[in-house]
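1. Below: sequence and its predicted model.
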Amino acid sequence: MAPHMSERWKRDLDEHLERFERRLPNWIAGTIRWLRLPSSFWVRFPIGMALVPAGAVGFLPILGFWMVPLGLILIAHDVPLMQPPLVRLLDWVERKWPEKRT
């Protein structure tokens with residue numbers, strides 16, 4: 001993948017996450033912003049790697065299937081190969097979950 005394409009996918013992923021953060025309560029959005037900082041890699045990547053298998057057993061109490069997409073998003077932040085399919089998935093989700101107009 002060409003470097004400029006990789007940068008585009010990263011930028012698109014960041015834009016999706018910024019729009020998503022605006023829909024969340026401040027304390028959750030702040031945590032996500034902190035996790036997206038380059039200096040948070042050593043926290044972000046292990047959490048992402050733990051969330052995916054934990055979400056696979058989402059039928060258990062406390063754990064949930066919501067953990068899988070969140071884990072994939074955290075991992076994709078550092079793995080450029082995962083960014084294009086994830087951006088396409090987030091495009092689809094945004095079309096299906098339009099922002100409420102009040």
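-> Thanks, I have it.
2. Report the separation between residue 30 and residue 59.
-> The gap separating residue 30 from residue 59 is 30 Å, by Cβ to Cβ, to the nearest Å. All C-beta spots, glycine's among them, are computed from the backbone N, C-alpha and C.
3. of these two, who's got more company?
-> Taking other Cβ atoms under 10 Å, residue 30 and residue 59 do not tie; residue 30 has more neighbours (12 against 8).
4. and the more buried one, helix, strand or coil?
-> helix (DSSP: H, G, I helix; E, B strand; the rest coil).
5. Determine which residue lies closest to the centroid of the chain.
-> In the chain, the C-alpha nearest the mean C-alpha coordinate belongs to residue 73, at 2.8 Å (Cα atoms, centre = their mean).
6. Once you drop chain neighbours, what's closest to that residue?
-> Nearest residue to residue 73, sequence neighbours excluded (Cβ to Cβ, 6 or more residues apart in numbering): residue 86, at 6.6 Å.
7. Quick one: residues contacting that neighbour.
-> Shown in contact with residue 86 (Cβ atoms under 8 Å, 6 or more residues apart in numbering): 13, 72-73, 76.
8. farthest-separated two in these?
-> Pairwise distances among the contacts of residue 86 were taken by Cβ to Cβ; the largest, 10.9 Å, belongs to 13 and 72.
9. Figure out how far the helix or strand hosting the residue nearest to residue 73 is from the centre of its chain.
-> Residue 86 is part of helix 83-96 when elements are defined by DSSP states H and E. Counting by Cα atoms, centre = their mean, to the nearest Å, helix 83-96 is centred 11 Å from the centre of its parent chain.
10. buried residues in that helix?
-> Of the residues in helix 83-96, 83-84, 86-87, 90 count as buried by neighbour count, 16 or more other Cβ atoms under 10 Å.
11. What is the burial count for the closest residue to residue 56 other than its chain neighbours?
-> Excluding the flanking residues, the one nearest residue 56 by Cβ to Cβ, 6+ apart is residue 68, at 6.7 Å. Neighbours of residue 68 under the rule other Cβ under 10 Å: 16.
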